[in-house]
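J.: Requesting a structural model of the entry that follows:
(chains A and B)
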Protein chains: 2
Amino acid sequence: MTKVGVIGGGQLARMMIGPSVELGLELRVLAETSDSSARDRTTSVGDYRDLETVLAFAREVDVITFDHEHVPSDIIVALEKTGVAVRPGSAALTFAQDKILMRERLEELGHPLPVWSVAHTPEDVSIFLEANGGRIIAKVPRGGYDGKGVAVVTDPEQLDEWLARGPVLLEEMVDFSRELAQLVARRPTGETAAWPVVETTQANGVCAEVILPAPTENHNVIEVAAELGRQIAHDLDVTGVLAVELFETADGRLLVNELAMRPHNSGHVTIEGSVTSQFEQHLRAVTDIPLGSTESQHPWAVMVNVFGGMDVQRYGRISASSDVKLHNYGKEARAGRKVGHVTATGADVSDTTSRARAVAEIFHADI
Amino acid sequence: MTKVGVIGGGQLARMMIGPSVELGLELRVLAETSDSSARDRTTSVGDYRDLETVLAFAREVDVITFDHEHVPSDIIVALEKTGVAVRPGSAALTFAQDKILMRERLEELGHPLPVWSVAHTPEDVSIFLEANGGRIIAKVPRGGYDGKGVAVVTDPEQLDEWLARGPVLLEEMVDFSRELAQLVARRPTGETAAWPVVETTQANGVCAEVILPAPTENHNVIEVAAELGRQIAHDLDVTGVLAVELFETADGRLLVNELAMRPHNSGHVTIEGSVTSQFEQHLRAVTDIPLGSTESQHPWAVMVNVFGGMDVQRYGRISASSDVKLHNYGKEARAGRKVGHVTATGADVSDTTSRARAVAEIFHADI
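T.: Below you'll find the model as predicted:
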């Protein structure tokens, strides 16, 4: 039986548990604490930044994959040298870990990007600000997530602290009409499978709602986004699931915002929405078995995150909406924390969205 | 977090793992060996016939449920006396454990049954044989499953050994046109939910194929079967999933064959076929949270068991049938053993059946 080792014990590792069982894989998780979200399959507890911890974990598995992109590059390279399969590999992962490297590489490859630059000094910031309307986005190249390490900048002084620690990525404020995400899976053999592009809504820089497929009258968007996702997965030699976060502009262009090389919040909707969920597909991809169908099972699927706290005792209030599925991450309540999500499916997008929101609201517990 | 304890570590316990994670329940399994099918959640290893073993396991959980019906009644009664919730309870379970008690009770309640009798002596067998065409079915009342403890009898001498051990249930050879199974879930509060009745095909006394819903031009069958299932669940005070195995006769009557009070092979098809699978529903029922929708997600879903051995390396051969889902039970190969199943879904029943059979054939490995 193939043993898959996941570094990181969050909800992404947790949601791989069900599919791993059905596929007959042995899932093992290296988590930072014994009560992580993926505690049911946590076989090692330790720091993913500690080489010995990670190497010991890797000796017990056939393939290593990830719940997050925070494992230091030198550790991933050291892992690869031991001969264990690391998917995605260090060469691909670096573009999900370092936003400046990602921008440089995607630009070389000719993919559509926002206007961007790298600032080393406050003067660099001033020049970019002036050229881009006096209001720009700044990002620390490494370690940011869910809105952390991202700032709207109107004054170079705002970046003094970040610049003291190293270069900062600057981007134009894209005047987007909405945000989309393209998910695609890729096997080591090169086989790819793309789901229909989804529409995502952020709240305070964090993914809050996802609609599968992205509502559009222009079917071209679905095809263009899928092809872009496949091309990036191929160009960067990604294995596993790749999420390409996109801006759609008023004039219909798609610009690449961020990349993630793992199951992604925008793909949770595939659990009920698609024949093959992103979690099953990620496991198939990293163990190099043929990918499953990415066809939709319903006209619409809508996912709404639950933040803060989650009270499952309130199941009793939702019997009338019984085709809304709850996913509980088994986490302690904390302000702003993603503690679960719900997904509704249906034939009408606004009805489906309303049902998902209503159930998320019911489960959401004040903390 | 509610802790659910499952006695028995087979594939039924295994297939509860995924839903338990998403519902945020803590699943614990008492298995007979550490390498059981449900080993990923096996927290205790021991003999379910040993009172101390079972009591120690029960102290760690909030509710006890079952992977099989072989736990002795006195142990279940002792469990209930400790105050732990046992679902289904001993009063209900006895009708799934003892086929004579089941026949007696269902007859009292007026449910439709084959002609039956209890034999204590060879003379009893002779009389029943003569009255029923010289060819009957005999069953040991307790402990039989998957064709074991069941015999076709034409000569009373065949039953000498069984009669020496106790009474034997005799039944007419029902001239059925096909076999069906009605699954229904019931909560302690009394809420029930019935899936559409399925058609089952047996091979050597073991479930081999299941079609959801049972093909019929007479929609009445679906309603009659659902109402029968709900009524039996109510009458016997079942909690959790109840499977009612049925014979459909040429003149359209439904006769109760067997009962099982747990997820059942005939319900595996609900994983892909229904909004709520039997495994999720069983967990909802035994933890007393409102039941999910039993609506179908596809016009047809067809399940085919894989017996003997299963070679998942053959995934490579099924990329063209990628909407067939594989369920691997993680068992060692052994002649005749259920080692997994596949489910196909689709718009046409014969195409869906063909695809499921073809993929089951691919995965089936000679041993």
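J.: tally of neighbours for residue A:332?
T.: A total of 10 residues lie near residue A:332 under the criterion other Cβ atoms under 10 Å in any protein chain shown. No exception for glycine: its C-beta is placed from N, CA and C like everyone else's.
J.: Over to residue A:222?
T.: Residue A:222 sits with 18 neighbouring residues when counted by other Cβ under 10 Å.
J.: which parts of stretch A:334-351 are buried?
T.: Applying a neighbour-count criterion of 16 or more other Cβ atoms under 10 Å in any protein chain shown, the buried positions in stretch A:334-351 are A:337, A:338, A:339, A:340, A:341, A:342, A:343, A:344, A:345, A:346, A:349.
J.: go on, stretch A:107-125?
T.: Using 16+ other Cβ under 10 Å, the residues of stretch A:107-125 that count as buried are A:111, A:113, A:114, A:116, A:117, A:119, A:124, A:125.
J.: can you tell me which residues contact the fourth one?
T.: This means residue A:116. Residues in contact with residue A:116 (Cβ atoms under 8 Å, 6 or more residues apart in numbering or on different chains) are A:103, A:169, A:170, A:171, A:172.
J.: Name the helix or strand for residue A:327, please.
T.: Under the criterion of DSSP states H and E, residue A:327 resides in strand A:324-328.
J.: ah, wrong one, I meant residue A:117
T.: strand A:116-119.
J.: neighbouring contacts of the strand holding residue A:327?
T.: A:15, A:268, A:271-272, A:310, A:312, A:315, A:318, A:339-344, A:355-356, A:359, A:363, B:22-24, B:292.
J.: Tell me which helix or strand comes right after it.
T.: With elements assigned by DSSP H and E, the helix or strand that comes after strand A:324-328 is strand A:338-346.
J.: That next one and chain B, any residue contact?
T.: Yes: using Cβ under 8 Å from any Cβ of the partner chain, strand A:338-346 comes into contact with chain B via residue A:340.
J.: got the CA positions of that strand in PDB?
T.: Coordinates of each C-alpha in strand A:338-346 appear next as PDB, following Å, rounded to 0.1, in the frame of the first residue of the first chain:
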ATOM      1  CA  LYS A 338     -11.500  29.200   9.200                       C
ATOM      2  CA  VAL A 339     -13.200  26.500  11.200                       C
ATOM      3  CA  GLY A 340     -15.300  24.800   8.500                       C
ATOM      4  CA  HIS A 341     -17.300  25.300   5.400                       C
ATOM      5  CA  VAL A 342     -20.700  24.400   3.900                       C
ATOM      6  CA  THR A 343     -21.500  23.600   0.300                       C
ATOM      7  CA  ALA A 344     -24.900  23.700  -1.400                       C
ATOM      8  CA  THR A 345     -25.700  22.300  -4.800                       C
ATOM      9  CA  GLY A 346     -28.600  23.100  -7.100                       C
END
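J.: Which parts of chain A are helices?
T.: For chain A, applying DSSP state H gives helices covering A:11-23, A:51-58, A:73-81, A:90-97, A:99-108, A:122-131, A:160-165, A:220-235, A:270-273, A:278-286, A:349-363.
J.: which ones are touching residue A:144?
T.: Neighbours of residue A:144 in contact, by Cβ under 8 Å, 6+ apart: A:99, A:150.
J.: Quick check: the closest residue to residue A:103 other than its chain neighbours vs residue A:172, distance?
T.: Spatial nearest neighbour of residue A:103, chain neighbours left out: residue A:116 (5.1 Å); criterion: Cβ to Cβ, 6 or more residues apart in numbering or on different chains. When Cβ to Cβ, to the nearest Å is applied, the distance between residue A:116 and residue A:172 equals 7 Å.
J.: Now for residue A:208, how many residues are close by?
T.: In terms of burial, residue A:208 registers 19 neighbours under the definition other Cβ under 10 Å.
J.: How about the one 4 residues further on?
T.: Neighbourhood size, residue A:212 [other Cβ under 10 Å]: 32.
J.: sorry, back to before: closest to chain B out of the contacts of residue A:116?
T.: Taking Cβ to the nearest Cβ as the measure, chain B lies nearest residue A:103 of those, at 34.7 Å.
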